[in-house]
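S.K.: This is the structure alone, sequence omitted:
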């Protein structure tokens, strides 16, 4: 089975995020595999182990993403591909990423493509469905269970607190939701093997794409941190007095009534 994983390098949201000149300050920031993409990598490895084949992880970005690709290889993926667009694209968006990925994948005869449900930095959840549309293959998002028998596929997906079962066929693109599996940690032997596994780097020219072909369809106007929360206020006195004071505060300060 020919399996591809769409992987993104994201900053660790557990770390303190700062802004500089209207952009996220990457100096000293910790970068990781997008956590939802870890579920995708794990599921791809499990499918390969059960059905045979090969797992290739693919990312769009710059050379800094090589570390995250090596981590995926250490987890058990077979190959990695970095599509480096740093010198060609100044400001990309979800369309840019999807266009580049679909152009790379269009002649790869992929049986299964797995991506994360969303990226924790942008949270749009657009790239996977966009890639499937451009490749003209079916897609199912937010999956929590994947069962493959021959060309037939049964999927359970999360639908806001409930679940839905869908049956379809390969080729297929799915996006992984939390609960699909428990991603493994790279082992020391896996880390050593990852150093020898193939990691190819290609550019837009290799895909016969021009900068105009992948021009962003959206524009970021402003990036800002949420306002700091002020300290709460504890009301004192009898219950009736507290209710009266609370009503006054909601009217005069919170302005919600």
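M.R.: Received, thanks. Just so you know, these numbers come straight off a predicted model, no measurement behind them.

S.K.: what ranges do the strands span in the stretch 1-150 of the chain?
M.R.: Shown for the stretch 1-150 of the chain, the strands assigned by DSSP state E, counting those that start in this stretch span residues 2-6, 9-11, 19-20, 23-24, 31-33, 54-61, 79-84, 112-116, 139-149.

S.K.: cool, and the stretch 151-257 of the chain?
M.R.: 152-159, 162-169, 172-176, 199-202.

S.K.: Can you say which of those strands is nearest to residue 244?
M.R.: Nearest to residue 244 among these is strand 162-169; the distance by C-beta to C-beta comes to 42.4 Å. Quick note: C-beta positions are derived from backbone N, CA and C, even for glycine.

S.K.: hmm, back to that, highest average neighbour count across the strands of the stretch 151-257 of the chain?
M.R.: Comparing the strands of the stretch 151-257 of the chain by mean neighbour count (mean count of other C-beta atoms under 10 Å), strand 172-176 ranks first with a mean of 25.

S.K.: strand partners of that strand, parallel vs antiparallel please.
M.R.: Strand pairing for strand 172-176, using DSSP bridges, gives strand 112-116 (parallel), strand 139-149 (parallel).

S.K.: now the angle from it to strand 162-169?
M.R.: Counting by axes from the mean of the first three to the mean of the last three C-alpha atoms, to 10 degrees, strand 172-176 lies at 160 degrees to strand 162-169.

S.K.: Sketch out the low-pLDDT regions of the chain for me.
M.R.: Flagging of the chain using pLDDT under 70 yields an empty set of residue ranges.

S.K.: domain parsing for it?
M.R.: Here the domain assignment for the chain is 2-214, 227-257, based on automatic domain parsing.

S.K.: and those domains as JSON lines, adding distance to residue 220?
M.R.: Converted to JSON lines, the domains of the chain look like this (distance: least, C-beta to C-beta, whole Å):
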{"stretch": "domain 2-214", "distance to residue 220": "8"}
{"stretch": "domain 227-257", "distance to residue 220": "19"}
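
S.K.: Of those domains, which is nearest residue 221?
M.R.: Taking those one by one with C-beta to C-beta, domain 2-214 is closest: 9.5 Å.

S.K.: Run the chain-centre distance for that closest one.
M.R.: 6 Å (C-alpha atoms, centre = their mean, to the nearest Å).

S.K.: now do the same end-to-end measure for that domain.
M.R.: Length of domain 2-214, first residue to last, C-alpha to C-alpha, to the nearest Å: 26 Å.

S.K.: For the stretch 1-150 of the chain, which segments count as helices?
M.R.: Taking DSSP state H, counting those that start in this stretch as the criterion, the stretch 1-150 of the chain carries its helices at 35-51, 66-75, 94-105, 127-135.

S.K.: list the buried ones in the second one?
M.R.: Using 16 or more other C-beta atoms under 10 Å as the test for burial, helix 66-75 gives 66, 68, 69, 70, 71, 72, 73, 74, 75.

S.K.: Next: the first one.
M.R.: Of the residues in helix 35-51, those with enough neighbours to count as buried (16+ other C-beta under 10 Å) are 35-48.

S.K.: do you know how far the closest residue to residue 165 other than its chain neighbours is from residue 166?
M.R.: Among residues not flanking residue 165 along the chain, residue 156 sits closest, at 5.4 Å (C-beta to C-beta, 6 or more residues apart in numbering). As judged by C-beta to C-beta, to the nearest Å, residue 156 and residue 166 stand 8 Å apart.

S.K.: next one: residue 200
M.R.: Residue 200 is 34 Å from residue 166, by C-beta to C-beta.

S.K.: now residue 117
M.R.: On the measure of C-beta to C-beta, residue 117 and residue 166 end up 15 Å apart.

S.K.: same thing with residue 196?
M.R.: 39 Å.

S.K.: wait, residue 178 sits on residue 39?
M.R.: Yes: between residue 178 and residue 39 there is a contact under C-beta atoms under 8 Å: 6.9 Å.

S.K.: Spatially central residue in this protein, please.
M.R.: By C-alpha atoms, centre = their mean, the chain has its centre lying nearest to residue 119, at 3.5 Å.
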